[in-house]
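# fold the following and give me the result.
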Amino acid sequence: MKNERFKQVCHFVAGLFLLPLAFKLFEQKKFSLSVAILIAAIIFLSVAGSVELLEKGLGNATKLFYLLECILLLFAAFIHFHNGKKMPALAYAVAGIVYFFLFLYFLYDKDVSKKKRKKHKRRSPSTSGSSMDDE
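Residues are numbered from 1 along each chain as shown. The predicted structure follows:
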């Protein structure tokens, strides 16, 4: 699986994980929290569709989406734990930890391809400019 496709799948899965929570909060009449999580889920789904475009425009700032997904998934775990549901809380917490490790992985990833690698000019020993050659 290509790296770009993997990034798309990760953002898509995070958006899908947050959608049921948003609708459940809407049923519980917690509208402001529901709308905030719903907007975040829609943003993650739209980021999944435009990863390449965003990376060209924003560069390394797109890696912060993984951190934002991690924070929201851990917050979803807190909401479920606060409501007394331990299994969904555990699932969201594990997903949040996985997304934190994905953030660290992509943060320190050395994405160096042959096209992006800069070729250094090597100096020949005779043109190094040493003063011993002049004597």
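# ok, Asn3 - how many residues close by?
Number of residues near Asn3 (other Cβ atoms under 10 Å) recorded here: 11. (Glycine included, C-beta is placed from N, CA and C.)
# state the distance from it to Ala48.
Distance from Asn3 to Ala48, counting by Cβ to Cβ, to the nearest Å: 14 Å.
# equivalent analysis for Ala89, please.
For Ala89, the distance to Ala48 (Cβ to Cβ) stands at 25 Å.
# using CSV, list the CA coordinates for the helix or strand Leu64 falls within.
Element membership for Leu64, per DSSP states H and E: helix 64-82. C-alpha atoms of helix 64-82 as CSV (Å, rounded to 0.1, in the frame of the first residue of the first chain):
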residue,chain,number,x,y,z
LEU,A,64,-1.1,18.0,12.8
PHE,A,65,-4.3,16.4,11.6
TYR,A,66,-3.1,13.1,13.2
LEU,A,67,-2.6,14.9,16.5
LEU,A,68,-6.0,16.5,16.3
GLU,A,69,-7.5,13.1,15.5
CYS,A,70,-5.7,11.6,18.5
ILE,A,71,-7.0,14.3,20.8
LEU,A,72,-10.6,13.9,19.6
LEU,A,73,-10.5,10.1,19.8
LEU,A,74,-9.2,10.3,23.4
PHE,A,75,-11.9,12.8,24.2
ALA,A,76,-14.5,10.4,22.8
ALA,A,77,-13.0,7.7,25.1
PHE,A,78,-13.5,10.1,28.0
ILE,A,79,-17.1,10.8,27.0
HIS,A,80,-17.9,7.1,26.8
PHE,A,81,-16.0,6.4,30.1
HIS,A,82,-17.9,9.2,31.8
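# in stretch 3-16, what counts as buried?
Under the neighbour-count criterion of 16 or more other Cβ atoms under 10 Å, stretch 3-16 has Lys7, Gln8, Cys10, His11, Phe12, Val13, Ala14, Gly15 buried.
# TSV for those residues, including pLDDT?
Compiled in TSV, the buried residues of stretch 3-16 are given as follows (pLDDT from 0 to 100):
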residue	pLDDT
Lys7	82
Gln8	83
Cys10	84
His11	84
Phe12	89
Val13	88
Ala14	88
Gly15	89
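# which one of the residues you listed is nearest to Ala36?
For Ala36, the nearest member of those is Gly15. The distance, counting by Cβ to Cβ, is 14.0 Å.
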